[in-house]
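Trainee: Curious how this folds, go ahead:
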Amino acid sequence: MSRKLSLTLSTLLHAIAMIIYICATDFLYHLAVAEALFGLGSTFGSGADSAILYESLDRTGRKNDYTRVEGRAASLSFAGQAIGCVASNWLYVIDPDLPFRVQCGLYAGRHSCPVASPRTPT
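Mentor: Numbering: from 1, shown residues only. This next block holds a predicted model:
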């Protein structure tokens, strides 16, 4: 399976899990299914993004920048999670489903952004 397809499946499974969270009426059954889909989605995404980054940097002759670029990406991810923790509290006060709806929108946005492969320098 290609890494791009793996990332696409990861995003789609995460989005489906969020939709199930929003529509859940049965605590045990619905949330168990949502968590299973979320875990499966995480499995598909695990390492695929890092591999694409490494290969892209290698193709452009910037392989030595991998640690720095990956570290910056991780820092931005953690900053986003911190902002999301605070923002989700405010969103929950407005509507308990709103944090999940916003997350679905973020997944949709991530899925709509194509993963470009850099061209090899000539």
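
Trainee: And the worst-scoring helix or strand of the chain on mean pLDDT, what does it pack against?
Mentor: In the chain, no helix or strand scores lower on mean pLDDT, DSSP states H and E than helix 98-112, which sits at a mean of 80. Using 3 or more C-beta pairs under 8 Å, 6 or more residues apart in numbering; DSSP states H and E, the elements in contact with helix 98-112 are helix 3-23, helix 66-94. C-betas here are computed from N, CA, C, even on glycine.

Trainee: where does the chain have low pLDDT?
Mentor: Along the chain, segments meeting pLDDT under 70 span 1, 110-122.

Trainee: before we move on, the earlier item: who touches the least confident helix or strand of the chain?
Mentor: Outside helix 98-112, the residues within contact range by C-beta atoms under 8 Å, 6 or more residues apart in numbering are 8, 11-12, 14-15, 18-19, 21-22, 87-88, 91-92, 95.

Trainee: From the residues you listed, pick the one nearest residue 51.
Mentor: Using C-beta to C-beta, residue 8 comes nearest to residue 51 of the contacts of helix 98-112, at 14.5 Å.

Trainee: tally of neighbours for the closest one?
Mentor: 17 (other C-beta atoms under 10 Å).

Trainee: Ok, residue 18 next?
Mentor: Neighbour tally, residue 18, other C-beta under 10 Å: 23.

Trainee: do the one 3 residues further on as well
Mentor: Residue crowding around residue 21 was assessed by other C-beta under 10 Å; the count is 20.

Trainee: wait, doesn't it sit right on residue 32?
Mentor: No: here residue 21 lies out of contact with residue 32, judged by C-beta atoms under 8 Å, at a distance of 11.6 Å.

Trainee: distance between stretch 71-90 and the chain's centre?
Mentor: For stretch 71-90, the gap between its own C-alpha mean and the chain's C-alpha mean amounts to 12 Å (C-alpha atoms, centre = their mean, to the nearest Å).

Trainee: Residues contacting that stretch, please?
Mentor: Contacts of stretch 71-90 (C-beta under 8 Å, 6+ apart): 53, 99, 102.

Trainee: repeat that with 6 Å
Mentor: Stretch 71-90 has contacts (C-beta atoms under 6 Å, 6 or more residues apart in numbering) with residue 99.

Trainee: Fine, thanks again, bye for now.
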